[in-house]
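Trainee: take this sequence and fold it.
(2 chains)
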Amino acid sequence: MSMYDVVREWTPRVADAPLRAFMDAATADDVARVLRKQRLFPHDLLTLLSPAAATQLEAMARRASELTVRHFGRTIQLFTPLYLSNHCTNQCRYCGFNARNHIPRQRLSDEEIAAEGRAIAATGLRHLLLLTGDARHVSGPEYIAHAARLLAPYFPSLSVEVYSLTDEEYALLVDAGIDGMTMFQETYNEALYPDLHPAGPKRDYHFRLDAPERAARAGMRSVGLGALLGLDDWRRDAFFTALHGDWLQRHYPYVDVSFSVPRLRPHAGAFQPAHAVSDRDLVQVILAYRIFMPSAGITVSTRERADLRDNLIPLGVTRMSAGVSTAVGGHAVRTQDGHAVRKDVEGQGDADGATPQFEISDPRSADEMAAAIAARGYQPVYKDWESVLDGGYGCGIACAARRTPSGEPVGAPTPAAPRAMA
Amino acid sequence: MTHDTHDNDTLVIGGTALTSRLFIGTGKYGTDSLIPDVAGASGSQVITVALRRVDLANPRSNVLAHIPPHMRLLPNTSGARTAEEAVRIARLAQAAGCGNWIKIEVISDSRFLLPDGYATARATETLAKEGFVVLPYMNPDLYVARDLVNAGAAAVMPLGAPIGTNRGLRTAEMIGVLIEEIDLPVIVDAGIGKPSQACEAMEMGAAACLVNTAIASAGNPVAMARAFGEAVRAGRAAYLSGAGPVAAATADGASASSPLTGFLGE
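Mentor: I've put the predicted structure just below:
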């Protein structure tokens, strides 16, 4: 049974009478019962996402916090996104990179990629998330793999959040040292999906839905999932996101599954969320994910305000972005003599005038974020993996000894033979 | 493993004599700066560290900088999904100056984090031949343990319960089988949530316990580390002292002295 079969099986149940009624009829006692269970099933997940559970957030938070500390300790892994290109052929109604938006389009050159990498590495961040728009003719898989090889000397671990790829293309990225991928389905509501994605390759709901599985098959160590909360009823999308994670973990047990919880943010364009998602709603989603899947990572981005992010730290979150720019080339700008210099990431994202994909709400630098995490009694973790360890192409332990006195890496180690999962 | 008297009780692994039988970890702390105090309070001489976390190039996050110099470093292969990955991580650890002790963890199930016995044995065999002192993390399975002995392990490290659960000695019966049958130190690893459980493992005859989550996730990790150190010492002393027999309970709460042969008289 594929994830698409799971969606087809559950959609009528969630949308129509019996299970929707089940969720609406859940009581505080039902929530308490679920919180005492060791092993949860989809009906328990519905209970955790129910209106009744919204009145039990403190009890849920205690359970979620306890589970998180047991599985992950008091740690938050830091990362930052690097936007390689904002060329896009899709017309996603909610996205600032929509092909119909008249914004400057840019794709980073080799030199610019290295400059961005140096600027980010100088902040101490070691995990990097590469992003592009969906434009294969501009930023195809080979370009992304090439960028990864350019960045490998600076970052032990690289992930991607790009358009849906084929099995072979994910394998290409794995061989380039990319060990993680994130794919937001945006909404699991197949009926709504075409309205939100009127044109472009992304319009293929099924191909996108299966992308995480293809990535897992290709050997990605970590796979992140998410729905863009606010496009549809958040309870329904959160339910399917969690089911997707559970399905993926059962079928690909060697993969580290994680969830992101993006809420719609203002952007260039006029799209407004159809379903408002309050802070309480967001917290309920995070807690439900954690209690349903105790070993899953949970990522909170800078879409959220600094004060809210700080308060979310003990509730189940395991990864946070910091020093973020959502604009292409947002981390480094060029001086008049052509040398890349570090951009002030405390500024608002687009020092060179590039248009960000969305406005961030937490502009704190890596150091500031680390201090905020430490202030909550948690440890900011800069490095938690390196591609070299499983035979990939990257940098960390293996090339640390080969750095120059100034700390500059001499070069990445020789890549091992392509990997294949049993 | 050798012991003569309570005062001269050492655990020998890879030619190194240890007077403490509590191994500790470096993961899950709210701050790595707690590690020296935790180590001191526990009395531990062996500390495990995940190589995946080590970042020699980044002074902001080099966990090794917090490990007291007198401690024996036990790098582990956390994150390895295959024998080949475990071997690669072990070699990198050695090349990075972390010594030749290695705790093998091969886990390809992210939900339960249970070790892969077959892959663990394969990695152990390769690394033992290369001169590593190999301490493999394992399910308490007699056949896997025998494979690990044949592969050249320096000890076996059966789990008491799945990693990070703090659920105690759920596998006590099987660990007991290993203690009885395996001629290597049996170090209980994973699942121990309370000092009393570590004490129980030592009373059973375990050679040592490795405790991380229960210490790191405690409200006061330093005090909990001290408690674990005392519990392990107490359990070991009890084992060496020879516990008295425990009478089987009967329905009326007591047992006749010779219910079956009393008719024979004196």
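Trainee: next, give phi and psi for the residue of the stretch 1-150 of chain A found nearest chain B.
Mentor: Chain B sits closest to A:Gly73 of the stretch 1-150 of chain A, with a gap of 2.2 Å, by Cβ to the nearest Cβ. C-beta here means a position set from N, CA and C on the backbone, and glycine is covered the same way. Per-residue torsions, A:Gly73: phi 70, psi -170 (degrees, to the nearest 10).
Trainee: same question, B:Leu240
Mentor: phi -70, psi -30.
Trainee: on that earlier part again, ok, the residue of the stretch 1-150 of chain A closest to chain B touching B:Ala218?
Mentor: No - if you go by Cβ atoms under 8 Å, A:Gly73 and B:Ala218 don't touch, sitting 11.4 Å apart.
Trainee: the two - which one has more neighbours?
Mentor: More crowded of A:Gly73 and B:Ala218, by other Cβ atoms under 10 Å in any protein chain shown: A:Gly73, with 22 against 19.
Trainee: what kind of secondary structure is A:Tyr94 in?
Mentor: coil (DSSP: H, G, I helix; E, B strand; the rest coil).
Trainee: how far away is it from A:Glu190?
Mentor: According to Cβ to Cβ, to the nearest Å, A:Tyr94 stands 17 Å off from A:Glu190.
Trainee: just to revisit the earlier point, nearest residue to the residue of the stretch 1-150 of chain A closest to chain B other than its sequence neighbours?
Mentor: Spatially, and ignoring its direct neighbours in sequence, A:Gly73 is nearest to B:Lys28 (2.2 Å; Cβ to Cβ, 6 or more residues apart in numbering or on different chains).
Trainee: and stretch A:193-202, which residues are buried?
Mentor: Across stretch A:193-202, burial judged by 16 or more other Cβ atoms under 10 Å in any protein chain shown covers A:193, A:196-197, A:200, A:202.
Trainee: how about low-confidence regions in chain B?
Mentor: Low-confidence segments of chain B (pLDDT under 70): B:1-7, B:59-60, B:244-256, B:266.
Trainee: where along it do the strands fall?
Mentor: Along chain B, the stretches classed as strands by DSSP state E are B:2-3, B:9-13, B:16-18, B:22-25, B:46-50, B:72-76, B:101-104, B:133-138, B:157-158, B:187-189, B:208-211.
Trainee: as TSV, those with distance to A:Pro363 and mean neighbour count would be great.
Mentor: As requested, the strands of chain B are exported to TSV (distance: least, Cβ to Cβ, whole Å; neighbours: other Cβ atoms under 10 Å in any protein chain shown):
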stretch	distance to A:Pro363	mean neighbour count
strand B:2-3	60	12
strand B:9-13	51	18
strand B:16-18	50	14
strand B:22-25	36	27
strand B:46-50	32	24
strand B:72-76	37	22
strand B:101-104	41	28
strand B:133-138	43	28
strand B:157-158	46	28
strand B:187-189	43	28
strand B:208-211	41	28
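Trainee: name the residues of chain B found near chain A, please.
Mentor: B:27-32, B:51-58, B:60-61, B:79-82, B:84-85, B:88-89, B:92-93, B:95-96, B:108-111, B:113, B:164-166, B:213, B:216-217 (Cβ under 8 Å from any Cβ of the partner chain).
Trainee: report the buried members of the residues you listed.
Mentor: Looking at the residues of chain B next to chain A with 16+ other Cβ under 10 Å, the buried ones turn out to be B:27-30, B:32, B:51-58, B:60-61, B:79-82, B:84-85, B:88-89, B:92-93, B:96, B:108, B:110, B:113, B:164-166, B:213, B:216-217.
Trainee: mind listing what the residue lying closest to A:Ala211 once chain neighbours are set aside touches?
Mentor: Take A:Ala211 and drop its neighbours on the chain: the residue closest to it by Cβ to Cβ, 6+ apart is A:Ser164, 4.1 Å away. By Cβ atoms under 8 Å, 6 or more residues apart in numbering or on different chains, the contact set of A:Ser164 is A:183, A:201-202, A:204, A:207-208, A:211, A:214.
Trainee: mind running it again at 6 Å?
Mentor: The neighbours of A:Ser164, taking Cβ atoms under 6 Å, 6 or more residues apart in numbering or on different chains as the test, are A:207-208, A:211.
Trainee: so B:Val188 touches B:Leu210, yeah?
Mentor: No - counting by Cβ atoms under 6 Å, B:Leu210 is not a contact partner of B:Val188; they are 7.2 Å apart.
Trainee: low pLDDT regions in chain A?
Mentor: For chain A, counting by pLDDT under 70, the residues that fall below are A:14-18, A:265-270, A:333-358, A:388-422.
Trainee: can you give me the strands for it?
Mentor: Under DSSP E, chain A gives strands at A:75-85, A:127-132, A:157-161, A:178-186, A:222-227, A:256-260, A:297-300, A:319-321, A:332-334, A:340-342, A:379-381.
Trainee: quick check: angle from the fifth one to strand A:157-161?
Mentor: Read it as strand A:222-227. Strand A:222-227 and strand A:157-161 are oriented at 30 degrees to each other (axes from the mean of the first three to the mean of the last three Cα atoms, to 10 degrees).
Trainee: and strand A:222-227, does that touch chain B?
Mentor: No - judged by Cβ under 6 Å from any Cβ of the partner chain, strand A:222-227 and chain B are separated, with a smallest distance of 9.2 Å.
Trainee: on that earlier part again, of all the strands of chain A, which lies closest to B:Tyr143?
Mentor: Set against B:Tyr143 and scored by Cβ to Cβ, those come closest in strand A:256-260, at 29.3 Å.
Trainee: so which elements touch that closest one?
Mentor: Counting by 3 or more Cβ pairs under 6 Å, 6 or more residues apart in numbering or on different chains; DSSP states H and E, the packing neighbours recorded for strand A:256-260 are strand A:222-227, helix A:234-251, strand A:297-300.
Trainee: other residues contacting the first one?
Mentor: Outside of strand A:222-227, the residues within contact range by Cβ under 6 Å, 6+ apart are A:180-182, A:184-185, A:187, A:212, A:215-216, A:237, A:241, A:244-245, A:255-260, A:262.
Trainee: can you list the strands that that strand pairs with?
Mentor: strand A:178-186 (parallel), strand A:256-260 (parallel) (DSSP bridges).
Trainee: export those to CSV and tack on mean neighbour count?
Mentor: Listed next are the strands paired with strand A:222-227 as CSV, based on neighbours: other Cβ atoms under 10 Å in any protein chain shown:
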stretch, mean neighbour count
strand A:178-186, 24
strand A:256-260, 23
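Trainee: looking at the ones you listed, which is nearest to A:Met60?
Mentor: strand A:256-260 (15.6 Å).
Trainee: does A:His71 touch B:Thr165 like I think?
Mentor: No - between A:His71 and B:Thr165 there is no contact, the gap being 9.0 Å when judged by Cβ under 6 Å.
Trainee: need the strands of chain A in TSV with distance to A:Arg13, can you?
Mentor: Listed next are those as TSV, based on distance: least, Cβ to Cβ, whole Å:
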stretch	distance to A:Arg13
strand A:75-85	36
strand A:127-132	34
strand A:157-161	30
strand A:178-186	18
strand A:222-227	18
strand A:256-260	22
strand A:297-300	26
strand A:319-321	32
strand A:332-334	50
strand A:340-342	52
strand A:379-381	39
